[in-house]
Each structure stands twice: as C-alpha cells, then as structure tokens.
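S.K.: A structural model of the following input is requested.
(2 chains)
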Amino acid sequence: MEVAAGGGCGAGPPLLLSDSEQQCYSELFARCAGASSGGPGPGPPEATRVAPGTATAAAGPVADLFRASQLPPETLHQITELCGAKRVGYFGPTQFYIALKLIAAAQSGLPVRTESIKCELPLPRFGMAKSDGEMRFGNPAELHGKKVQIPYLPTEKNSLKRMDDEDKQESQSPTMSPLASPPSSPPHYQRVSLSHGYSKLRSGTEQMHPAPYETRQPIGQPEGSSSEGPGVKPLHRQASLIRSFSVERELQDNNSNYPDEPWRITEEQREYYVNQFRSLQPDPSSFISGSVAKNFFTKSKLSIPELSYIWELSDADCDGALTLPEFCAAFHLIVARKNGYPLPEGLPPTLQPEYLQAAFPKSKWECTIFDSYSESMPANQQPCDLNRMEKTSVKDMADFPVPTQDVTTGDDKQALNSTANEPSPKDVAEDTAASKDCNSLKARPRSRSYSSTSIEETMKRGENPPTPPPRPQKTHSRASSLDLNKVFQPSVPAANSGLLPPPPALPPRPCPTQSEPVSEADLHPQLNRAPSQAAESSPKKDAPHAQPPSKPIRRKFRPENQTMESQESAAAVGGAASAAMVKPHPTVQKQSSKQKKAIQTAIRKNKEANAVLARLNSELQQQLKEVHQERIALENQLEQLRPVTVL
Amino acid sequence: MAVCIAVIAKENYPLYIRSTPTENELKFHYMVHTSLDVVDEKISAMGKALVDQRELYLGLLYPTEDYKVYGYVTNSKVKFVMVVDSSNTALRDNEIRSMFRKLHNSYTDVMCNPFYNPGDRIQSRAFDNMVTSMMIQVC
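M.R.: Have a look, this model is predicted:
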C-alpha cells in the first residue's frame, strides 16, 4: 500500500517507507485492522465514513501495539496526535504508518516530530513485555485453530518477536472463517452493524482519547471495537434503551485478563444481558420459553442455522427454554458471532451455566436470583406436580425417552426433574461433553416451554371428562353444556352430580303420557261400566278406584261425558259426584294431565295441518303441471304461426 | 456399527439420511425407502391397540444377504431406520435398542430447539456428531 495514495494525511509531506518498513507496517496494520471485527477487506462498502479503499485499525489492538513499544505514555500521546489519528478520529493506514514511524523514531531516541520521520529509521520494536496481549492474540488462535489463515509474510526481517509468535495466529481468521463457512448474510450484517459501531467508536475515541491509554484495558480480542470502558457507558445507556443488536458491540470490554477471553462475560455485559432477560421475563429466576427467545434472537439477524447452533450450545439441559445463565451464554455467543467470531465447537467453560452462576456471586441481586431460583423452583413445581403425579407413576422414565410431541409427558419430565436438574448443573462442574452425558443419564425434561400452557390445557382436559354435559331441558344441547361447564368448572364435580337426578326425571315423564292413550282406550268401556255400576252400588267405594285412572280421562272426555250424560243420567250424576269429591284430590295430576293432553292435541292438530298442507301441495303441483302443458301448447301454436307471418 | 441411519418424517419423507460414504449411497436410500412399507405394515398390525401398548422399537424389519434393517417409530410417527452390516454378528438386539434410544434422545434435543421447524431437514451438529459416533468407522 502506498501511503501517498492513501487518505489525506495532512500531517506533512508524504511518507517514504522502505521495503522492509512497508512490509512490516502493512502486516502490523493488517493485524490491527484484521484483529478488529471488520477487517480490512469488508471495510469499504459499509464503512461509509471511512474513505473508500482504506480500512481502519481498531483502537484496541493499536493501543496494545503502541504500548508494546514500551514507550512512555506521553510519547504515545504525542505520536497519536502527530499521526493525525486524534484529529480524524481513527487509525487509517496513513495514520498508522506515521505512528509506527514515529514510534521507531522515538525508540531510536529521536524527538517525536514530524521531521523525524523523514529520515531512515530502524523498524519499531515491540517488546515481549506484553504477555497479556500475546496471550490474547494467541488464545483466539487456539480456540479457532482449525480455521487459521496464516498471514504469512515471506520476508520477515523485523525484530518483532511478537510477530513471530503471532504468525501462527490468524488475526485474519475471524474474518476468514465467517466468509468460509456460514452463509454470506452474517458477514454482511456484521459489517452493517460494524459500521454503526465504528461510528460510535470514533465518537467515543474523540471524547475519550486521553483516557484509553491509561484506563482502558482492551483485551485486544479480535472482537474489535473493544472500546473504552467509561466511554462506552453513555453510549451503553442509550443502547440499552434501544433493543438493537448492533449496539452490544460496545460491551465487549472484558476487564479480566484470562485466556478464553472472547468467551468471558464482563460485568457490564452481564448486566445488559440480565436487563434484556428481565424485559422478556420479569422473574430473573424463571426461564424464557423457546418461542419468546426465538423471536428475540431472530432480531439479531443471524441466520437461522447459526441461531439454531447457538441455541444448541447454550441450552445445556436441552429443555427448550433458557434460564438466566443459559440466556446470557446465548446472548454472548450471538454478540461474539456478530463480531466475527466463529462459533465454537462446544460451549466454552466460561459460558457454562454453572460457571456463569458461580462467577458473579458478588452482586446482591444475583445472590437473590440464586436463592429465589431455588425457592421458586419448588413453587413452580407444585402446580405441575399435582397434575402429573398419576401420570408419572405410570410412565417409566428411565428407560424410554419421552417423545417430544407428547406434551403432557414432557411436563412429567419437567415436574420430576427440574428440581433435580436445576440445582445439579449448577453444582456439578462439567465439561460440555460431560454435560451431554449427564443429560442422557437423567431423564431430561422436555418441552418445558409448553409447561405454562399445558398446565391449563391438562387442567381443562382433566376437568372435561369427569363432567358429562347434563341433559338439556329445553335448550340446544351444546349451548347448555358449555354454559354449565363454565358455571361448574371451579366447583367440584359433586355439584354436577346434583344435576343428574333431575334429568333422569324427564324420561319417565313421557311414559305415562304414552301409556295414557292406552289407558284411555281401556277406560272407555270402564267409564261406561263404572257409572252404571256406581249407580247401582255405592259410588263412594268405586269412586276412589276409578277416580285416579279416570280423572285424566275425564277432562278430555268431558264433552263426551256430557254426551254420555245425556244418554245416561246416572253416569252424569256419578261423574259429577265423583268430580266433586275428587276436586280436593291433588291438582298436580290434573295439571300434568292437562299438559299431556295439550301436547297431544297439539300433536294431532299439527298432524292434521300437515295432512292438509300435503294435500294442498299435491293439488297445486297438479295445477302447475297443467299450466305448464298449456303453456307448451301455446308456444307451439305461436311457433307455427310465426313463420307464416315472417315470410 | 450402523452402515446407514435415516430419520423419516411422518409423511414419509426423509429428514435426515446418512450412510457410510464408501458404499453406493443410492442403494441405501433405496433400502430405507422399501423398508418404509414394512414399517407401515408393522404399525398397522398393532392398529387397534392403544398407542400406549405399542412398542416403539420395531425390531428387524427385513434381512437381506448383506444387511439387516431395523426400525423404530416414535409416538409422533417419526421413523428411524438403521441399516446394519450382516457380517457384524456381534450386534445384539439390546445394542440396537440402545442405539435407537440415543437417536431418539438426540432427535428430541433437535426438536427442543425453537429454531428448528418440524419438517425441516435436521442440520444440528450435535445430532450429526451423535450419528457419526454410531456409524461404522471405515478406514
């Protein structure tokens, strides 16, 4: 890269670099820029604020590099000012090269001036003292060892020992691997978010430029844009309001200095994740169901296979729901992925749920999470347990895995094993492999995400069978059964059983009405005989016998009785006497018989009307046919006549 | 141990099929396809019995001269078919059952992933790894 051709430097005359210097600088720059998430290549189209054709080196690795030069901080300040990075707010190639040259000058003992860089200088030296930086650069390599693309420079005559070490590392690997394996959409989206993050970074850098050298401890992860801690916070607050994924990149600031850096969650990040968790699920000790989490993570615009894989990694107990540590792990993986990290083969130890829960014991609310988690777990269990006890006794969980789509059995497992599962992953320190084995050992809970809905479902299901819809009286059957179920749902089925006696009372009712016509027919001759007998013998004796059966009939046959009375006055007298005597007798029977008679008369009338209408119908049909025939005849005549007139 | 493992959906299309690459894969695909008929036959034979009574493991579906085909069906009518080398006589029924059980476990894990839509091809790496561990290692 020719510096002269690069973006406007403005710091002075064009820089002349020897070959070795050029090689060295370009390699360094590539590493610093490549170590950032965007990488030199993808910069152009999306990093709109950067001059096209250039790339920017992230402040993190650059600061590392500078510090590795073992120059005093004031010198470094001066250098950055001179090279123009502070003015333009970023380290473009020109700025970077100038800075390196200045470092070389400073290391040679020359004052830090723009004039110094005009002369020939040895290459800047970066000492081994930055063991942290090395490790940081080193470990991502080990983590992603397989996807290494070695930026191999053929002639490396510099004295940069660190470079020798880092030759093996793929500061480019994070950029290579996304292009290699996953589909192209993630890198694209990453770049979009990166440019967004870059703009924020730059504004942060401008604000906090003096601060970074002292306070900032970027771990130099290839996560890039690892920005200043304090500087990030104002941005972070804004970001937390906007629930957009592009913002999380500012939270990459891991303050600890361990290996496995990219997979370690910092306090800020953790706080942010917990806040997000809370926004999805107010109870931090509870879990997020799969569908809710799916919607949330889909907003990150990662591809579905990647999200699927992240879920696989983070959902340690494979229950279809995310607890708080699982959620943090998943979130962190997503953030890392968006920053260009290839996804690990297995869940890193720092992201294991038990580790995450143990790692942050100091904050109070997390302790309460822990406590409330264990407390609320039994509380959550109870409603499940009540419904599941019988079912669990039936199923033999140890032998056969329960099919996923059988929701109730899924809840069985959850009820049985959640108390066992939830504490146990926390307590036992396991690898990913071990955790998977552990999963197979204990019968895993399944479809926990369905638990909340299935509780109600199974409860409804449990209630519906025992409550047979009572027989309707006069309304539509379905409507009445629904209403009654709603009415009686909270109550015990005993209330429903109270309804049962009345319905059976109904069926017997038609029987007497059906038997009545028969009895009426029988009693016809009896009635004739009875009055005649009553006339002869004492009416009182026979009256009680004849009265109950004859009473219902008496109503109907009153006109007939009257006609009979005209025939036999004795019968009328007996009937009247018995009627008079019978009056105080229960009127209920009369009323019921009235009703029965009314029904019968109504039936007869309807039948007659039906017959009449049927006759009418047939007559009208015949008339219709006749009319049709007439019409046809007339039309024929018309046709016959018509051609004559036309012609 | 297995030469070919396939997961067939309820509608009888494959969700996942993998065989040892040295062999002609088409032959295995064909075997799995024909075994589906046998599976259906076995399922319908238990037809009137309740689902609870139905055994998930179907056992040997049919033997050929080189291979034996075993079947397993889940409660959601997802079928697992495994083709095993006949020369491997050391394989006992219990081992086949345990292999199917592992398959079923992994399958349920895949199902639990909310990003997996039932009916999609199975692309889970964990599932792949598990299947690889079960397949024969051919040098």
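
S.K.: now for the closest residue to chain A within chain B: which residues touch it?
M.R.: The minimum distance from chain B to chain A, using C-beta to the nearest C-beta, falls at residue B:114 (3.3 Å). The way it works is simple: take the backbone N, C-alpha and C, and place the C-beta from them, glycine included. Residue B:114 makes contacts with A:290, A:291, A:293, A:294, A:311, A:320, A:449, as judged by C-beta atoms under 8 Å, 6 or more residues apart in numbering or on different chains.

S.K.: so the fourth one sits right up against residue B:117, yeah?
M.R.: In other words, residue A:294. No. Shown here, residue A:294 and residue B:117 do not form a contact pair, counting by C-beta atoms under 8 Å, at 10.3 Å.

S.K.: so these two - more neighbours on which side?
M.R.: residue A:294 (19 against 9; other C-beta atoms under 10 Å in any protein chain shown).

S.K.: so that one is in which element?
M.R.: In this assignment (DSSP states H and E), residue A:294 forms part of helix A:290-298.

S.K.: quick one on the thing from earlier: quick one: neighbours of the nearest residue to the residue of chain B closest to chain A once chain neighbours are set aside, just the number.
M.R.: Leaving aside its sequence neighbours, residue B:114 sits nearest to residue A:290 (C-beta to C-beta, 6 or more residues apart in numbering or on different chains; 3.3 Å). As a burial measure, residue A:290 scores 23 neighbours (other C-beta under 10 Å).

S.K.: my guess is residue A:290 meets residue B:116, correct?
M.R.: No. Between residue A:290 and residue B:116 there is no contact under C-beta under 8 Å: 9.7 Å.

S.K.: how about the residues of chain B near chain A?
M.R.: B:56, B:74-76, B:101-102, B:104-105, B:107-109, B:111-116, B:123-126 (C-beta under 8 Å from any C-beta of the partner chain).

S.K.: return stretch A:619-636 as CSV; C-alpha atoms alone will do.
M.R.: Extracted C-alpha coordinates of stretch A:619-636, given in CSV (Å, rounded to 0.1, in the frame of the first residue of the first chain):
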residue,chain,number,x,y,z
GLU,A,619,-103.2,-30.2,-5.8
LEU,A,620,-101.1,-27.2,-6.5
GLN,A,621,-98.4,-29.4,-8.1
GLN,A,622,-101.0,-30.8,-10.4
GLN,A,623,-102.3,-27.4,-11.3
LEU,A,624,-98.7,-26.4,-12.1
LYS,A,625,-98.3,-29.3,-14.4
GLU,A,626,-101.5,-28.4,-16.2
VAL,A,627,-100.4,-24.8,-16.6
HIS,A,628,-97.1,-25.9,-17.9
GLN,A,629,-98.8,-28.1,-20.5
GLU,A,630,-101.0,-25.2,-21.6
ARG,A,631,-98.0,-23.0,-22.0
ILE,A,632,-96.2,-25.5,-24.1
ALA,A,633,-99.2,-25.9,-26.3
LEU,A,634,-99.5,-22.2,-26.7
GLU,A,635,-95.9,-21.8,-27.6
ASN,A,636,-96.2,-24.5,-30.2
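
S.K.: hang on, the earlier thing: contact partners for the residue nearest to residue B:114?
M.R.: Per C-beta under 8 Å, 6+ apart, neighbours of residue A:290: A:320, A:321, A:322, A:449, B:112, B:113, B:114.

S.K.: and the nearest residue to the first one once chain neighbours are set aside, how many neighbours does it have?
M.R.: The one in question is residue A:320. Closest residue to residue A:320 apart from its sequence neighbours, by C-beta to C-beta, 6+ apart: residue B:112 at 3.9 Å. Residue B:112: 25 surrounding residues under other C-beta under 10 Å.

S.K.: tell me the pLDDT of residue B:112.
M.R.: As predicted, residue B:112 sits at a pLDDT of 84.

S.K.: so which of the residues of chain B next to chain A are in helices?
M.R.: Residues of the residues of chain B next to chain A located in helices (DSSP state H): B:101, B:102, B:104, B:105, B:107, B:108, B:109, B:111, B:112, B:125, B:126.

S.K.: can you tell me which helices and strands the helix or strand of chain B with the lowest mean pLDDT packs against?
M.R.: Taking mean pLDDT, DSSP states H and E as the measure, the helix or strand of chain B with the lowest value is strand B:57-63, at a mean of 83. Packing partners of strand B:57-63 (3 or more C-beta pairs under 8 Å, 6 or more residues apart in numbering or on different chains; DSSP states H and E): helix B:25-45, strand B:67-73, helix B:93-112.

S.K.: export the longest one as CSV, just CAs?
M.R.: Written as CSV, here are the backbone C-alpha positions of helix B:25-45 (Å, rounded to 0.1, in the frame of the first residue of the first chain):
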residue,chain,number,x,y,z
GLU,B,25,-25.5,-44.4,-1.2
LEU,B,26,-28.3,-44.8,-3.6
LYS,B,27,-28.5,-48.4,-2.6
PHE,B,28,-29.1,-47.5,1.0
HIS,B,29,-31.6,-44.9,0.1
TYR,B,30,-33.5,-47.5,-1.8
MET,B,31,-33.3,-49.9,1.1
VAL,B,32,-34.6,-47.3,3.5
HIS,B,33,-37.4,-46.5,1.1
THR,B,34,-38.5,-50.0,0.8
SER,B,35,-38.3,-50.6,4.5
LEU,B,36,-40.9,-47.9,5.0
ASP,B,37,-43.5,-50.3,3.7
VAL,B,38,-42.6,-52.8,6.3
VAL,B,39,-42.7,-50.2,9.0
ASP,B,40,-46.2,-49.2,8.0
GLU,B,41,-47.2,-52.8,8.0
LYS,B,42,-45.9,-53.3,11.5
ILE,B,43,-47.6,-50.1,12.7
SER,B,44,-50.9,-51.1,11.3
ALA,B,45,-50.7,-54.6,12.7
